[in-house]
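>>> Okay, structure incoming, though there's no sequence with it:
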DNA sequence: CGAGAGGTTGAATGTACTCAAGCTGGGTGG
DNA sequence: CCACCCAGCTTGAGTACATTCAACCTCTCG
(Lines give C-alpha, C1' and ligand atoms only; values in the text may rest on other atoms or scores of the structure.)
Protein backbone atom coordinates (compact mmCIF):
# COMPACT_ATOMS: atom_id res chain seq x y z
CA UNK A 1 0.00 0.00 0.00
CA UNK A 2 1.43 3.39 -0.96
CA UNK A 3 0.12 6.92 -1.35
CA UNK A 4 0.33 9.43 -4.16
CA UNK A 5 -0.95 12.80 -5.22
CA UNK A 6 -4.40 13.27 -6.68
CA UNK A 7 -5.97 15.41 -9.37
CA UNK A 8 -9.66 15.97 -8.75
CA UNK A 9 -10.24 17.64 -12.10
CA UNK A 10 -9.63 14.38 -13.93
CA UNK A 11 -11.16 12.08 -11.32
CA UNK A 12 -13.37 9.39 -12.82
CA UNK A 13 -15.75 9.22 -9.87
CA UNK A 14 -15.82 12.89 -8.95
CA UNK A 15 -19.35 13.68 -10.11
CA UNK A 16 -20.88 10.57 -8.49
CA UNK A 17 -18.99 10.75 -5.21
CA UNK A 18 -19.45 13.13 -2.29
CA UNK A 19 -17.13 15.51 -4.14
CA UNK A 20 -19.89 16.21 -6.64
CA UNK A 21 -21.17 18.84 -4.23
CA UNK A 22 -18.12 21.00 -4.39
CA UNK A 23 -17.47 24.22 -6.25
CA UNK A 24 -14.20 24.68 -8.13
CA UNK A 25 -12.38 26.45 -5.33
CA UNK A 26 -13.65 23.96 -2.76
CA UNK A 27 -12.24 21.21 -4.93
CA UNK A 28 -8.88 22.89 -4.77
CA UNK A 29 -8.98 22.75 -0.96
CA UNK A 30 -10.05 19.13 -1.01
CA UNK A 31 -7.32 18.34 -3.49
CA UNK A 32 -4.90 19.58 -0.87
CA UNK A 33 -5.90 16.97 1.70
CA UNK A 34 -6.66 14.07 -0.68
CA UNK A 35 -4.20 11.22 -1.07
CA UNK A 36 -4.59 8.12 -3.20
CA UNK A 37 -3.94 4.85 -1.43
CA UNK A 38 -3.71 1.44 -3.06
CA UNK A 39 -4.63 -1.87 -1.48
CA UNK A 40 -4.15 -5.24 -3.03
CA UNK A 41 -6.89 -7.84 -2.94
CA UNK A 42 -7.41 -9.20 0.54
CA UNK A 43 -5.65 -6.50 2.50
CA UNK A 44 -7.28 -4.89 5.51
CA UNK A 45 -8.52 -1.35 5.08
CA UNK A 46 -10.25 -0.81 8.39
CA UNK A 47 -10.43 -2.95 11.52
CA UNK A 48 -13.77 -3.12 13.35
CA UNK A 49 -14.01 -1.18 16.61
CA UNK A 50 -10.99 0.85 15.55
CA UNK A 51 -10.98 4.58 15.19
CA UNK A 52 -10.24 5.04 11.48
CA UNK A 53 -7.72 7.74 10.73
CA UNK A 54 -9.14 8.68 7.37
CA UNK A 55 -12.29 8.80 5.30
CA UNK A 56 -12.23 7.83 1.65
CA UNK A 57 -13.92 7.59 -1.69
CA UNK A 58 -13.57 4.32 -3.52
CA UNK A 59 -12.00 5.15 -6.88
CA UNK A 60 -11.43 1.69 -8.34
CA UNK A 61 -12.11 -1.82 -7.04
CA UNK A 62 -14.59 -3.07 -4.47
CA UNK A 63 -14.42 -2.92 -0.67
CA UNK A 64 -16.31 -5.46 1.40
CA UNK A 65 -17.67 -4.64 4.84
CA UNK A 66 -18.05 -7.62 7.15
CA UNK A 67 -19.32 -8.43 10.61
CA UNK A 68 -18.31 -11.53 12.52
CA UNK A 69 -19.97 -13.47 15.32
CA UNK A 70 -17.93 -14.76 18.26
CA UNK A 71 -17.80 -18.27 16.79
CA UNK A 72 -16.50 -17.03 13.44
CA UNK A 73 -19.62 -16.92 11.30
CA UNK A 74 -19.34 -14.00 8.92
CA UNK A 75 -21.78 -11.77 7.11
CA UNK A 76 -20.90 -9.16 4.52
CA UNK A 77 -23.06 -6.15 5.39
CA UNK A 78 -22.07 -3.95 2.49
CA UNK A 79 -20.07 -3.70 -0.72
CA UNK A 80 -18.59 -0.35 -1.63
CA UNK A 81 -18.09 0.23 -5.35
CA UNK A 82 -16.29 3.11 -7.09
CA UNK A 83 -17.79 6.48 -6.04
CA UNK A 84 -19.05 5.03 -2.74
CA UNK A 85 -17.88 6.60 0.49
CA UNK A 86 -15.97 4.78 3.19
CA UNK A 87 -16.16 5.65 6.86
CA UNK A 88 -18.84 6.78 9.27
CA UNK A 89 -18.82 10.50 9.89
CA UNK A 90 -19.43 11.53 13.54
CA UNK A 91 -18.69 8.01 14.74
CA UNK A 92 -15.47 7.22 16.51
CA UNK A 93 -15.55 3.43 16.04
CA UNK A 94 -16.04 1.52 12.85
CA UNK A 95 -18.93 -0.95 13.23
CA UNK A 96 -17.50 -3.26 10.59
CA UNK A 97 -14.32 -4.69 9.19
CA UNK A 98 -13.36 -3.30 5.77
CA UNK A 99 -11.23 -5.30 3.36
CA UNK A 100 -10.22 -4.95 -0.28
CA UNK A 101 -12.24 -7.51 -2.25
CA UNK A 102 -10.05 -7.00 -5.31
CA UNK A 103 -7.32 -4.44 -5.97
CA UNK A 104 -8.59 -1.13 -4.65
CA UNK A 105 -7.70 2.52 -5.04
CA UNK A 106 -9.02 4.89 -2.42
CA UNK A 107 -9.00 8.65 -2.39
CA UNK A 108 -8.42 9.27 1.31
CA UNK A 109 -8.89 12.32 3.52
CA UNK A 110 -7.15 12.54 6.86
CA UNK A 111 -9.79 12.47 9.58
CA UNK A 112 -9.21 15.80 11.32
CA UNK A 113 -8.68 17.75 8.12
CA UNK A 114 -11.78 16.27 6.56
CA UNK A 115 -13.95 17.01 9.58
CA UNK A 116 -12.76 20.61 9.52
CA UNK A 117 -13.54 20.87 5.83
CA UNK A 118 -17.02 19.40 6.36
CA UNK A 119 -17.72 21.98 9.06
CA UNK A 120 -16.82 24.80 6.67
CA UNK A 121 -18.54 23.35 3.63
CA UNK A 122 -22.19 22.54 4.38
CA UNK A 123 -22.66 21.03 0.93
CA UNK A 124 -20.37 18.13 1.81
CA UNK A 125 -22.36 17.16 4.89
CA UNK A 126 -25.53 17.08 2.84
CA UNK A 127 -23.79 14.90 0.26
CA UNK A 128 -22.53 12.52 2.96
CA UNK A 129 -26.08 12.33 4.27
CA UNK A 130 -27.37 11.39 0.82
CA UNK A 131 -24.77 8.65 0.52
CA UNK A 132 -25.77 7.33 3.94
CA UNK A 133 -29.40 7.22 2.86
CA UNK A 134 -28.37 5.22 -0.21
CA UNK A 135 -26.48 2.83 2.02
CA UNK A 136 -29.52 2.46 4.27
CA UNK A 137 -31.76 1.74 1.26
CA UNK A 138 -29.33 -0.89 0.06
CA UNK A 139 -29.14 -2.48 3.51
CA UNK A 140 -32.90 -2.70 3.84
CA UNK A 141 -33.27 -4.19 0.39
CA UNK A 142 -30.67 -6.75 1.32
CA UNK A 143 -32.64 -7.59 4.46
CA UNK A 144 -35.50 -8.70 2.22
CA UNK A 145 -33.09 -10.86 0.27
CA UNK A 146 -31.56 -12.42 3.38
CA UNK A 147 -34.84 -12.99 5.16
CA UNK A 148 -37.20 -14.01 2.41
CA UNK A 149 -35.51 -15.11 -0.80
CA UNK A 150 -34.55 -18.64 -1.84
CA UNK A 151 -30.99 -19.58 -2.72
CA UNK A 152 -31.58 -19.25 -6.46
CA UNK A 153 -33.28 -15.89 -6.05
CA UNK A 154 -30.40 -14.71 -3.91
CA UNK A 155 -27.83 -15.61 -6.55
CA UNK A 156 -29.87 -14.00 -9.33
CA UNK A 157 -30.32 -10.84 -7.24
CA UNK A 158 -26.61 -10.71 -6.49
CA UNK A 159 -25.59 -11.03 -10.12
CA UNK A 160 -28.15 -8.40 -11.03
CA UNK A 161 -26.76 -5.99 -8.46
CA UNK A 162 -23.24 -6.47 -9.80
CA UNK A 163 -24.49 -5.91 -13.36
CA UNK A 164 -26.15 -2.67 -12.31
CA UNK A 165 -23.17 -1.34 -10.39
CA UNK A 166 -20.78 -2.33 -13.20
CA UNK A 167 -23.04 -0.69 -15.75
CA UNK A 168 -22.56 2.64 -13.99
CA UNK A 169 -18.90 2.43 -14.86
CA UNK A 170 -19.80 1.34 -18.39
CA UNK A 171 -19.54 -2.38 -19.01
CA UNK A 172 -22.86 -3.41 -20.53
CA UNK A 173 -24.19 -3.25 -24.05
CA UNK A 174 -27.77 -2.75 -25.16
CA UNK A 175 -28.03 -4.96 -28.23
CA UNK A 176 -31.26 -5.54 -30.16
CA UNK A 177 -33.68 -4.77 -27.35
CA UNK A 178 -32.38 -7.20 -24.78
CA UNK A 179 -29.57 -5.98 -22.61
CA UNK A 180 -26.32 -7.91 -22.39
CA UNK A 181 -23.78 -7.78 -19.61
CA UNK A 182 -20.23 -8.97 -19.16
CA UNK A 183 -18.39 -8.36 -15.92
CA UNK A 184 -16.00 -9.77 -13.38
CA UNK A 185 -17.31 -10.90 -10.02
CA UNK A 186 -15.62 -8.87 -7.30
CA UNK A 187 -16.05 -11.74 -4.83
CA UNK A 188 -14.96 -15.36 -4.50
CA UNK A 189 -17.59 -18.09 -4.02
CA UNK A 190 -17.06 -18.09 -0.29
CA UNK A 191 -17.41 -14.32 -0.12
CA UNK A 192 -20.61 -14.50 -2.17
CA UNK A 193 -21.84 -17.03 0.39
CA UNK A 194 -21.05 -14.61 3.21
CA UNK A 195 -22.93 -11.88 1.38
CA UNK A 196 -26.04 -13.96 0.70
CA UNK A 197 -26.26 -15.92 3.93
CA UNK A 198 -25.51 -19.24 2.18
CA UNK A 199 -22.74 -21.81 2.11
CA UNK A 200 -20.09 -21.97 -0.56
CA UNK A 201 -21.48 -25.24 -1.89
CA UNK A 202 -24.96 -23.83 -2.33
CA UNK A 203 -23.56 -20.81 -4.17
CA UNK A 204 -21.61 -23.08 -6.49
CA UNK A 205 -24.61 -25.28 -7.20
CA UNK A 206 -26.89 -22.34 -7.95
CA UNK A 207 -24.37 -20.74 -10.31
CA UNK A 208 -24.01 -24.07 -12.08
CA UNK A 209 -27.81 -24.20 -12.30
CA UNK A 210 -28.02 -20.78 -13.97
CA UNK A 211 -25.29 -21.86 -16.38
CA UNK A 212 -27.21 -25.01 -17.32
CA UNK A 213 -30.38 -22.95 -17.86
CA UNK A 214 -28.39 -20.68 -20.19
CA UNK A 215 -29.17 -17.61 -18.09
CA UNK A 216 -25.46 -16.92 -17.68
CA UNK A 217 -22.18 -18.05 -19.23
CA UNK A 218 -18.89 -18.23 -17.42
CA UNK A 219 -15.44 -17.38 -18.72
CA UNK A 220 -13.15 -18.81 -16.11
CA UNK A 221 -14.63 -18.67 -12.63
CA UNK A 222 -14.92 -14.92 -12.14
CA UNK A 223 -16.09 -13.54 -15.47
CA UNK A 224 -19.83 -13.69 -16.07
CA UNK A 225 -21.71 -13.08 -19.31
CA UNK A 226 -25.42 -12.36 -19.06
CA UNK A 227 -27.00 -12.73 -22.51
CA UNK A 228 -30.37 -11.41 -21.36
CA UNK A 229 -30.54 -9.29 -18.23
CA UNK A 230 -34.36 -9.38 -18.25
CA UNK A 231 -34.28 -13.15 -17.80
CA UNK A 232 -32.09 -12.71 -14.73
CA UNK A 233 -34.48 -10.09 -13.38
CA UNK A 234 -37.37 -12.54 -13.55
CA UNK A 235 -35.42 -15.05 -11.46
CA UNK A 236 -34.45 -12.46 -8.88
CA UNK A 237 -38.05 -11.87 -7.71
CA UNK A 238 -38.14 -8.14 -7.43
CA UNK A 239 -39.84 -5.94 -4.95
CA UNK A 240 -43.47 -4.97 -5.31
CA UNK A 241 -44.31 -2.15 -7.81
CA UNK B 1 -56.75 9.00 13.60
CA UNK B 2 -57.00 12.58 14.84
CA UNK B 3 -54.62 15.45 15.53
CA UNK B 4 -54.02 17.67 18.50
CA UNK B 5 -51.75 20.38 19.81
CA UNK B 6 -48.35 19.58 21.26
CA UNK B 7 -46.22 20.87 24.06
CA UNK B 8 -42.53 20.24 23.45
CA UNK B 9 -41.48 21.38 26.93
CA UNK B 10 -43.17 18.38 28.52
CA UNK B 11 -42.42 15.90 25.71
CA UNK B 12 -41.22 12.53 27.00
CA UNK B 13 -38.98 11.83 24.00
CA UNK B 14 -37.70 15.34 23.35
CA UNK B 15 -34.13 14.86 24.51
CA UNK B 16 -33.69 11.55 22.66
CA UNK B 17 -35.37 12.58 19.41
CA UNK B 18 -34.14 14.89 16.67
CA UNK B 19 -35.57 17.75 18.73
CA UNK B 20 -32.77 17.31 21.23
CA UNK B 21 -30.65 19.57 19.02
CA UNK B 22 -32.86 22.61 19.37
CA UNK B 23 -32.43 25.70 21.48
CA UNK B 24 -35.38 27.04 23.44
CA UNK B 25 -36.50 29.53 20.80
CA UNK B 26 -36.09 26.95 18.03
CA UNK B 27 -38.33 24.65 20.03
CA UNK B 28 -40.97 27.35 20.02
CA UNK B 29 -40.88 27.46 16.22
CA UNK B 30 -41.04 23.70 15.99
CA UNK B 31 -43.90 23.68 18.43
CA UNK B 32 -45.76 25.82 15.94
CA UNK B 33 -45.61 23.22 13.17
CA UNK B 34 -45.88 20.07 15.33
CA UNK B 35 -49.14 18.15 15.53
CA UNK B 36 -49.79 14.93 17.41
CA UNK B 37 -51.45 12.19 15.41
CA UNK B 38 -52.81 8.94 16.80
CA UNK B 39 -52.99 5.64 14.96
CA UNK B 40 -54.55 2.50 16.26
CA UNK B 41 -52.81 -0.82 15.95
CA UNK B 42 -52.73 -2.04 12.36
CA UNK B 43 -53.50 1.24 10.65
CA UNK B 44 -51.40 2.44 7.74
CA UNK B 45 -49.08 5.35 8.41
CA UNK B 46 -47.22 5.56 5.14
CA UNK B 47 -47.72 3.70 1.87
CA UNK B 48 -44.60 2.58 -0.03
CA UNK B 49 -43.71 4.58 -3.15
CA UNK B 50 -45.91 7.40 -1.89
CA UNK B 51 -44.69 10.89 -1.27
CA UNK B 52 -45.30 11.27 2.47
CA UNK B 53 -46.81 14.60 3.45
CA UNK B 54 -45.21 14.76 6.84
CA UNK B 55 -42.20 13.68 8.89
CA UNK B 56 -42.63 12.53 12.47
CA UNK B 57 -41.13 11.50 15.75
CA UNK B 58 -42.56 8.41 17.34
CA UNK B 59 -43.81 9.44 20.79
CA UNK B 60 -45.49 6.26 21.98
CA UNK B 61 -45.99 2.83 20.42
CA UNK B 62 -44.03 1.04 17.73
CA UNK B 63 -44.09 1.53 13.96
CA UNK B 64 -43.11 -1.34 11.68
CA UNK B 65 -41.51 -0.75 8.29
CA UNK B 66 -42.10 -3.52 5.77
CA UNK B 67 -41.11 -4.43 2.25
CA UNK B 68 -43.07 -6.88 0.13
CA UNK B 69 -42.09 -9.06 -2.83
CA UNK B 70 -44.41 -9.39 -5.83
CA UNK B 71 -45.70 -12.75 -4.62
CA UNK B 72 -46.59 -11.41 -1.19
CA UNK B 73 -43.62 -12.48 0.93
CA UNK B 74 -42.95 -9.82 3.52
CA UNK B 75 -39.93 -8.64 5.45
CA UNK B 76 -39.93 -6.10 8.24
CA UNK B 77 -36.90 -3.89 7.57
CA UNK B 78 -37.17 -1.72 10.64
CA UNK B 79 -39.00 -1.07 13.88
CA UNK B 80 -39.33 2.50 15.05
CA UNK B 81 -39.64 2.95 18.81
CA UNK B 82 -40.43 6.10 20.79
CA UNK B 83 -37.91 8.87 19.95
CA UNK B 84 -37.15 7.34 16.54
CA UNK B 85 -37.68 9.45 13.46
CA UNK B 86 -40.07 8.56 10.66
CA UNK B 87 -39.56 9.60 7.06
CA UNK B 88 -36.63 9.96 4.69
CA UNK B 89 -35.43 13.52 4.36
CA UNK B 90 -34.47 14.58 0.79
CA UNK B 91 -36.31 11.59 -0.64
CA UNK B 92 -39.58 12.00 -2.45
CA UNK B 93 -40.75 8.38 -2.25
CA UNK B 94 -40.94 6.16 0.79
CA UNK B 95 -39.02 2.92 0.19
CA UNK B 96 -41.17 1.02 2.66
CA UNK B 97 -44.65 0.61 4.00
CA UNK B 98 -45.13 1.97 7.52
CA UNK B 99 -47.81 0.60 9.80
CA UNK B 100 -48.71 0.99 13.46
CA UNK B 101 -47.64 -2.22 15.22
CA UNK B 102 -49.59 -1.25 18.33
CA UNK B 103 -51.34 2.00 19.21
CA UNK B 104 -49.05 4.80 18.13
CA UNK B 105 -48.71 8.51 18.80
CA UNK B 106 -46.65 10.49 16.34
CA UNK B 107 -45.46 14.06 16.59
CA UNK B 108 -45.76 15.12 12.97
CA UNK B 109 -44.29 18.00 10.98
CA UNK B 110 -45.82 19.01 7.68
CA UNK B 111 -43.34 18.31 4.93
CA UNK B 112 -42.79 21.76 3.46
CA UNK B 113 -42.67 23.52 6.80
CA UNK B 114 -40.24 21.00 8.21
CA UNK B 115 -37.91 21.23 5.22
CA UNK B 116 -37.89 25.00 5.58
CA UNK B 117 -37.09 24.70 9.27
CA UNK B 118 -34.28 22.24 8.57
CA UNK B 119 -32.75 24.64 6.07
CA UNK B 120 -32.70 27.40 8.68
CA UNK B 121 -31.57 25.23 11.59
CA UNK B 122 -28.39 23.34 10.70
CA UNK B 123 -28.48 21.50 14.03
CA UNK B 124 -31.56 19.60 12.97
CA UNK B 125 -29.98 18.27 9.80
CA UNK B 126 -27.04 16.99 11.78
CA UNK B 127 -29.42 15.32 14.22
CA UNK B 128 -31.34 13.69 11.38
CA UNK B 129 -28.03 12.45 10.01
CA UNK B 130 -27.16 10.88 13.37
CA UNK B 131 -30.52 9.12 13.49
CA UNK B 132 -29.97 7.81 9.97
CA UNK B 133 -26.59 6.45 10.99
CA UNK B 134 -28.24 4.66 13.92
CA UNK B 135 -30.79 3.18 11.54
CA UNK B 136 -27.99 2.01 9.25
CA UNK B 137 -26.16 0.39 12.16
CA UNK B 138 -29.34 -1.39 13.20
CA UNK B 139 -30.01 -2.57 9.64
CA UNK B 140 -26.50 -3.97 9.25
CA UNK B 141 -26.68 -5.77 12.57
CA UNK B 142 -29.98 -7.25 11.48
CA UNK B 143 -28.34 -8.46 8.27
CA UNK B 144 -26.04 -10.61 10.39
CA UNK B 145 -29.04 -12.01 12.21
CA UNK B 146 -30.96 -12.74 9.00
CA UNK B 147 -28.02 -14.22 7.15
CA UNK B 148 -26.17 -16.15 9.81
CA UNK B 149 -28.18 -16.88 12.94
CA UNK B 150 -30.25 -19.97 13.73
CA UNK B 151 -33.93 -19.76 14.57
CA UNK B 152 -33.31 -19.91 18.33
CA UNK B 153 -30.58 -17.27 18.15
CA UNK B 154 -32.89 -15.06 16.13
CA UNK B 155 -35.65 -15.26 18.72
CA UNK B 156 -33.24 -14.61 21.58
CA UNK B 157 -31.75 -11.64 19.74
CA UNK B 158 -35.18 -10.25 19.02
CA UNK B 159 -36.29 -10.48 22.65
CA UNK B 160 -33.03 -8.91 23.71
CA UNK B 161 -33.52 -6.00 21.34
CA UNK B 162 -37.02 -5.38 22.70
CA UNK B 163 -35.69 -5.53 26.27
CA UNK B 164 -33.06 -2.95 25.42
CA UNK B 165 -35.42 -0.59 23.66
CA UNK B 166 -38.01 -0.95 26.41
CA UNK B 167 -35.37 -0.33 29.07
CA UNK B 168 -34.73 3.09 27.55
CA UNK B 169 -38.29 4.00 28.42
CA UNK B 170 -37.82 2.43 31.86
CA UNK B 171 -39.30 -1.05 32.20
CA UNK B 172 -36.52 -3.21 33.62
CA UNK B 173 -35.26 -3.76 37.12
CA UNK B 174 -31.75 -4.53 38.25
CA UNK B 175 -32.25 -6.93 41.14
CA UNK B 176 -29.46 -8.71 42.98
CA UNK B 177 -26.83 -8.57 40.25
CA UNK B 178 -28.82 -10.22 37.47
CA UNK B 179 -31.02 -7.97 35.44
CA UNK B 180 -34.71 -8.70 35.11
CA UNK B 181 -37.04 -7.51 32.38
CA UNK B 182 -40.78 -7.44 31.88
CA UNK B 183 -42.26 -6.00 28.71
CA UNK B 184 -44.96 -6.38 26.09
CA UNK B 185 -44.06 -7.62 22.66
CA UNK B 186 -44.96 -4.96 20.12
CA UNK B 187 -45.48 -7.61 17.45
CA UNK B 188 -47.70 -10.63 16.86
CA UNK B 189 -46.13 -14.03 16.15
CA UNK B 190 -46.58 -13.59 12.42
CA UNK B 191 -44.98 -10.15 12.54
CA UNK B 192 -42.04 -11.52 14.52
CA UNK B 193 -41.71 -14.12 11.78
CA UNK B 194 -41.59 -11.37 9.15
CA UNK B 195 -38.95 -9.56 11.15
CA UNK B 196 -36.71 -12.58 11.64
CA UNK B 197 -37.12 -14.27 8.27
CA UNK B 198 -38.93 -17.27 9.78
CA UNK B 199 -42.39 -18.80 9.71
CA UNK B 200 -44.98 -18.26 12.41
CA UNK B 201 -44.78 -21.92 13.50
CA UNK B 202 -41.03 -21.75 13.98
CA UNK B 203 -41.38 -18.57 16.04
CA UNK B 204 -43.99 -20.24 18.22
CA UNK B 205 -41.89 -23.36 18.74
CA UNK B 206 -38.78 -21.39 19.65
CA UNK B 207 -40.66 -19.23 22.15
CA UNK B 208 -42.12 -22.37 23.69
CA UNK B 209 -38.60 -23.74 23.84
CA UNK B 210 -37.27 -20.73 25.74
CA UNK B 211 -40.22 -21.01 28.11
CA UNK B 212 -39.47 -24.68 28.78
CA UNK B 213 -35.81 -23.84 29.44
CA UNK B 214 -36.95 -21.22 31.95
CA UNK B 215 -35.18 -18.43 30.08
CA UNK B 216 -38.45 -16.53 29.75
CA UNK B 217 -41.93 -16.61 31.27
CA UNK B 218 -45.09 -15.59 29.47
CA UNK B 219 -48.06 -13.73 30.90
CA UNK B 220 -50.68 -14.15 28.22
CA UNK B 221 -49.23 -14.25 24.72
CA UNK B 222 -47.68 -10.79 24.52
CA UNK B 223 -46.15 -10.11 27.92
CA UNK B 224 -42.67 -11.53 28.46
CA UNK B 225 -40.74 -11.80 31.71
CA UNK B 226 -36.99 -12.33 31.48
CA UNK B 227 -35.66 -13.46 34.87
CA UNK B 228 -32.04 -13.22 33.77
CA UNK B 229 -31.13 -11.05 30.82
CA UNK B 230 -27.58 -12.38 30.77
CA UNK B 231 -28.89 -15.88 30.04
CA UNK B 232 -30.76 -14.52 27.03
CA UNK B 233 -27.64 -12.75 25.85
CA UNK B 234 -25.72 -16.01 25.81
CA UNK B 235 -28.36 -17.58 23.58
CA UNK B 236 -28.39 -14.64 21.19
CA UNK B 237 -24.78 -15.20 20.03
CA UNK B 238 -23.46 -11.69 20.03
CA UNK B 239 -21.11 -9.99 17.68
CA UNK B 240 -17.34 -10.28 18.06
CA UNK B 241 -15.58 -8.16 20.74
C1' DC C 1 -73.02 -20.41 22.64
C1' DG C 2 -70.76 -20.17 18.13
C1' DA C 3 -67.45 -17.93 15.14
C1' DG C 4 -63.05 -16.38 14.14
C1' DA C 5 -58.42 -14.61 14.90
C1' DG C 6 -54.18 -15.66 16.94
C1' DG C 7 -51.41 -19.14 18.73
C1' DT C 8 -49.60 -23.95 19.63
C1' DT C 9 -48.43 -28.60 18.50
C1' DG C 10 -47.62 -32.69 15.50
C1' DA C 11 -46.08 -35.23 11.36
C1' DA C 12 -44.15 -35.18 6.88
C1' DT C 13 -41.51 -32.75 3.54
C1' DG C 14 -37.95 -30.07 1.33
C1' DT C 15 -34.33 -26.81 0.97
C1' DA C 16 -30.03 -25.78 2.13
C1' DC C 17 -26.29 -27.62 5.07
C1' DT C 18 -22.51 -30.87 6.28
C1' DC C 19 -19.09 -33.89 5.18
C1' DA C 20 -16.31 -35.85 1.80
C1' DA C 21 -14.24 -36.66 -2.56
C1' DG C 22 -12.74 -34.96 -6.92
C1' DC C 23 -11.77 -31.39 -10.24
C1' DT C 24 -9.27 -27.23 -12.32
C1' DG C 25 -5.85 -23.88 -13.09
C1' DG C 26 -2.00 -21.16 -11.73
C1' DG C 27 2.51 -21.32 -9.53
C1' DT C 28 6.75 -23.72 -7.97
C1' DG C 29 10.63 -26.61 -8.01
C1' DG C 30 13.08 -30.65 -9.66
C1' DC D 1 9.24 -29.12 -19.42
C1' DC D 2 6.66 -31.77 -16.54
C1' DA D 3 5.24 -33.19 -11.92
C1' DC D 4 3.50 -31.58 -8.06
C1' DC D 5 1.03 -28.71 -4.95
C1' DC D 6 -2.47 -25.98 -3.30
C1' DA D 7 -6.30 -22.86 -3.21
C1' DG D 8 -10.58 -22.24 -5.10
C1' DC D 9 -14.30 -24.46 -6.98
C1' DT D 10 -17.52 -28.28 -8.15
C1' DT D 11 -20.12 -32.40 -7.37
C1' DG D 12 -22.24 -36.13 -4.66
C1' DA D 13 -24.57 -38.41 -0.73
C1' DG D 14 -26.66 -38.10 3.62
C1' DT D 15 -28.51 -35.11 7.19
C1' DA D 16 -30.69 -31.49 9.80
C1' DC D 17 -33.18 -27.58 10.40
C1' DA D 18 -36.86 -24.94 9.27
C1' DT D 19 -40.95 -25.23 6.40
C1' DT D 20 -45.45 -26.91 5.03
C1' DC D 21 -49.74 -28.76 5.89
C1' DA D 22 -53.03 -29.89 9.16
C1' DA D 23 -55.34 -30.31 13.47
C1' DC D 24 -56.33 -28.37 17.70
C1' DC D 25 -56.38 -25.01 21.42
C1' DT D 26 -57.64 -20.49 23.67
C1' DC D 27 -59.43 -16.26 24.07
C1' DT D 28 -62.43 -12.51 22.69
C1' DC D 29 -66.44 -10.74 20.73
C1' DG D 30 -71.02 -10.82 18.99
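Now that the structure is in, tell me what you want to look at. What you see is a predicted model, and the numbers here were worked out from it, not measured in a lab.
>>> Helix, strand, or coil at residue A:12?
coil (DSSP: H, G, I helix; E, B strand; the rest coil).
>>> how about the helix ranked longest in chain A, does it get close to DNA strand D?
Among the elements of chain A assigned as helix by DSSP state H, the one spanning the most residues is helix A:122-148. No - using CB under 7 Å from any atom of the strand, helix A:122-148 never reaches DNA strand D; the gap is at least 8.7 Å. No exception for glycine: its C-beta is placed from N, CA and C like everyone else's.
>>> Could you check that helix and say which residues are buried?
The neighbour-count check on helix A:122-148 (16 or more other CB atoms under 10 Å in any protein chain shown) flags A:124-133, A:135-148 as buried.
>>> so that helix versus helix B:122-148, what angle?
Going by axes from the mean of the first three to the mean of the last three CA atoms, to 10 degrees, helix A:122-148 is angled at 20 degrees with respect to helix B:122-148.
>>> helices or strands next to helix A:122-148 in the packing?
Secondary-structure packing of helix A:122-148 (3 or more CB pairs under 8 Å, 6 or more residues apart in numbering or on different chains; DSSP states H and E): strand A:74-80, helix A:111-120, helix A:151-168, strand B:63-68, strand B:74-80, helix B:122-148.
>>> Which one of those lies nearest to DNA strand C?
Closest of the helices and strands packed on helix A:122-148 to DNA strand C is helix A:151-168, at 3.7 Å (criterion: CB to the nearest atom of the strand).
>>> next one: that closest one to chain centre, how far?
Mean-position distance between helix A:151-168 and its chain equals 12 Å (CA atoms, centre = their mean, to the nearest Å).
>>> can you tell me if that helix touches DNA strand C.
Yes - using CB under 7 Å from any atom of the strand, helix A:151-168 reaches DNA strand C at A:151, A:152.
>>> same for that helix, what does it pack against?
By 3+ CB pairs under 8 Å, 6+ apart, helix A:151-168 packs against helix A:122-148, strand A:178-184, helix A:189-196, helix A:200-213, strand A:223-226, helix A:229-236.
>>> quick one: is the fifth one near DNA strand D?
No - using CB under 7 Å from any atom of the strand as the criterion, no contacts between strand A:223-226 and DNA strand D are found, and the smallest distance is 10.5 Å.
>>> Nearest residue to residue A:185 in space, please, no chain neighbours.
residue A:222 (4.9 Å; CB to CB, 6 or more residues apart in numbering or on different chains).
>>> Point out the residues in chain A that sit beside DNA strand C.
So far as CB under 7 Å from any atom of the strand goes, chain A lies against DNA strand C at A:150, A:151, A:152, A:197, A:198, A:199, A:201, A:202, A:220.
>>> Would you confirm that the fifth one contacts residue A:152?
Just to be clear, that refers to residue A:198. No - contact criterion CB atoms under 8 Å: residue A:198 and residue A:152 do not qualify, at 10.4 Å.
>>> could you dump the helices and strands packed on helix A:151-168 to CSV with mean pLDDT?
Output for those, formatted as CSV (pLDDT from 0 to 100):
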stretch, mean pLDDT
helix A:122-148, 95
strand A:178-184, 88
helix A:189-196, 98
helix A:200-213, 98
strand A:223-226, 96
helix A:229-236, 96
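>>> how about these, which one is nearest residue B:97?
Proximity to residue B:97 (CB to CB) singles out helix A:122-148 among the helices and strands packed on helix A:151-168, at 11.8 Å.
>>> and the angle from the closest one to helix A:229-236?
Using the same axes, to 10 degrees: helix A:122-148 against helix A:229-236 is 60 degrees.
>>> Tell me what angle helix A:122-148 forms with strand A:74-80.
With the same axes, to 10 degrees defining the directions, helix A:122-148 sits at 140 degrees from strand A:74-80.
>>> just the angle between helix A:122-148 and helix B:189-196, please?
Using the same axes, to 10 degrees: helix A:122-148 against helix B:189-196 is 120 degrees.
>>> From residue A:17, how far out is the spatially most central residue of chain A?
By CA atoms, centre = their mean, chain A has its centre lying nearest to residue A:80, at 2.3 Å. Going from residue A:80 to residue A:17 by CB to CB, to the nearest Å gives 11 Å.
>>> quick one: low-confidence parts of chain A?
Low-confidence segments of chain A (pLDDT under 70): A:1-6, A:169-177, A:241.
>>> Skip the chain neighbours and tell me the closest residue to residue A:136.
Residue A:136 sits nearest to residue B:136 (CB to CB, 6+ apart), 4.8 Å away.
>>> need the contact list for the one you found.
Residue B:136 sits next to A:132, A:135, A:136, A:139 when contact means CB atoms under 8 Å, 6 or more residues apart in numbering or on different chains.
>>> for those residues, which one is nearest chain B?
Among the contacts of residue B:136, residue A:139 lies closest to chain B (CB to the nearest CB), at 3.9 Å.
>>> out of everything not next to it in sequence, what's closest to that closest one?
residue B:139 (3.9 Å).
>>> what do you get for residue A:96?
Nearest to residue A:96 is residue A:65, by CB to CB, 6+ apart, at 4.3 Å.
>>> Could you report the distance from the one you found to residue A:59?
17 Å.
>>> cool, residue A:73 as well?
To residue A:59, residue A:73 is 32 Å away according to CB to CB.
>>> related to what we said a few turns ago, now the angle between helix A:111-120 and the longest helix of chain A, please.
Here helix A:122-148 points in a direction 110 degrees away from that of helix A:111-120 (the same axes, to 10 degrees).
>>> distance between helix A:122-148 and the chain's centre?
The chain centroid and the centroid of helix A:122-148 are separated by 12 Å, computed with CA atoms, centre = their mean.
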